[in-house]
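Novice: Okay, sequence plus prediction incoming.
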Amino acid sequence: MAGAVKLNRPPIAAQEQIVPDIVRQHVEQAAFLWAQRDMLAAQKPPDEKAIAGIDRRLEANLDGVRVAGAAAWPFIIAAYDDFPERGELFLYGWTAIEQTDGRRILEAVELGRTRDDEVHGLVGALGWHDAKAIGPLVRNWIASEDGFKRYLAVAACLEHGVDPKDLLVRLVRDPDMRVRATSLRLAGKVRRADLVREIAAALESQHEAVRLSSALALNELGHAALAKPELHKQVLANGPDALIALRTIVKIGPDKDVRAWMGGLLKSPDTASLAVRGAGMLGDRTILNWLIHQMRDPALAVAAGGALLELFPEARNADLFTLDPAEIGQAFEAHFGDFGPNLPVADKVEAWGRAAALLG
């Protein structure tokens, strides 16, 4: 198990009406399904149909955990011991909140603290529950001296679109950079126009995440001109949030200016993939032939595949992608190795496009 968090382990002895193997299946499936859902939701655009199907299965398995009650805990703990990842942390936090178990909630918080890369699972648990159910926790954490608890509280507010009112004035200046960045995004989401000055000041932060959150919030509040320079910087830096910044730039427009700017991105190997991916955000379905051409370049294929799905959602179920780079050719195998991301197969996409009369 990660870190030095000591979990309270109840004996694996279920009530008579509980079948241990069934409970274990519900636990394992719930953790797996939420992790799968989280991955799909992170894709832009997300596959809403697939997510809806997962949600139904996830709720069914969470119901199984509900019915098991305290008897589920040995299996939840064992699952986290074996796979201390975001899906298992989601289930740990969700169950603790569902059962209003203060001790388990504190354990979940400490697990999240020691697994910074998987903490989104705990945020997901807070988001899955009704806002009223987590209200007491959020009210307690949001004023805490513990920066991690403040982060969880603000992240929960962001998930539910809840405005913490006067507290947000302080939170957008919080010394904890993660709290500050999340609070800035929340200020934009709940349309706190009274905080524009504080939000704009965050553009001078030394922390990239804070500056991005400031720019996104300013755009939400109708101050795109203030946001644009930082958004451009974020794209040119090609960091982990470059696509978020790029999508916002596309929304701001105007279309002519965005296209011209993307043309510049395309000229540099450092940003060419962003230009290809951004082409899908523009909504122009006439570029399919051009996208197919980009799919033949290993460095641009993933971006071209993302643009394809954005422009043609119907392509998701057309068997146009592969996880085996060798299927496409030696250049792709050399670039990605034995296991690559979900890569579009240009020849299949071209045949599909012609059959659907999408190509001239």
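Specialist: Perfect, thanks for sending it.
Novice: Surely residue 28 touches residue 78?
Specialist: No - in this structure, residue 28 is not within contact of residue 78 by CB atoms under 8 Å, at 9.6 Å. Where C-beta positions appear, they are placed from N, C-alpha and C, glycine not excepted.
Novice: Please identify which of these two sits among more neighbours.
Specialist: Neighbour count, other CB atoms under 10 Å: between residue 28 and residue 78, residue 28 has more, with 20 against 16.
Novice: any idea how far that one is from residue 262?
Specialist: As judged by CB to CB, to the nearest Å, residue 28 and residue 262 stand 44 Å apart.
Novice: Then residue 345?
Specialist: 25 Å.
Novice: Please enumerate the strands of the stretch 201-350 of the chain.
Specialist: 321-322, 343-344 (DSSP state E, counting those that start in this stretch).
Novice: Now mean neighbour count, distance to residue 303 and mean pLDDT too, for those, in JSON lines please.
Specialist: Output for those, formatted as JSON lines (neighbours: other CB atoms under 10 Å; distance: least, CB to CB, whole Å; pLDDT from 0 to 100):
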{"stretch": "strand 321-322", "mean neighbour count": "16", "distance to residue 303": "13", "mean pLDDT": "96"}
{"stretch": "strand 343-344", "mean neighbour count": "24", "distance to residue 303": "10", "mean pLDDT": "96"}
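Novice: Can you lay out those as CSV showing distance to residue 139?
Specialist: Conversion of those to CSV gives the following (distance: least, CB to CB, whole Å):
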stretch, distance to residue 139
strand 321-322, 46
strand 343-344, 47
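Novice: Which among those strands is found nearest to residue 258?
Specialist: Minimum separation from residue 258 across the strands of the stretch 201-350 of the chain (CB to CB) falls at strand 343-344, 23.7 Å.
Novice: Mind giving me the packing neighbours of the closest one?
Specialist: Packing partners of strand 343-344 (3 or more CB pairs under 8 Å, 6 or more residues apart in numbering; DSSP states H and E): helix 301-311, strand 321-322.
Novice: in its sheet, what does it sit against?
Specialist: Its sheet considered, strand 343-344 pairs with strand 321-322 (antiparallel) by DSSP bridges.
Novice: and the strand it pairs with, how far out from the chain's middle?
Specialist: Mean-position distance between strand 321-322 and its chain equals 22 Å (CA atoms, centre = their mean, to the nearest Å).
Novice: Show me this protein divided up by domain.
Specialist: 1-129, 285-360 (automatic domain parsing).
Novice: where are the low-confidence patches of the stretch 51-200 of the chain?
Specialist: Within the stretch 51-200 of the chain, no range satisfies pLDDT under 70.
Novice: which residue ranges form the helices in it?
Specialist: Under the criterion DSSP state H, counting those that start in this stretch, the stretch 51-200 of the chain carries helices at the ranges 73-82, 86-98, 102-114, 120-128, 131-141, 147-160, 167-171, 177-189, 196-201.
Novice: The ones you listed: which one's closest to residue 219?
Specialist: Proximity to residue 219, assessed across those by CB to CB, is greatest for helix 177-189 (7.4 Å).
Novice: so residue 155 touches residue 125, yeah?
Specialist: No - using CB under 8 Å as the test, residue 155 is too far from residue 125 to be in contact (10.8 Å).
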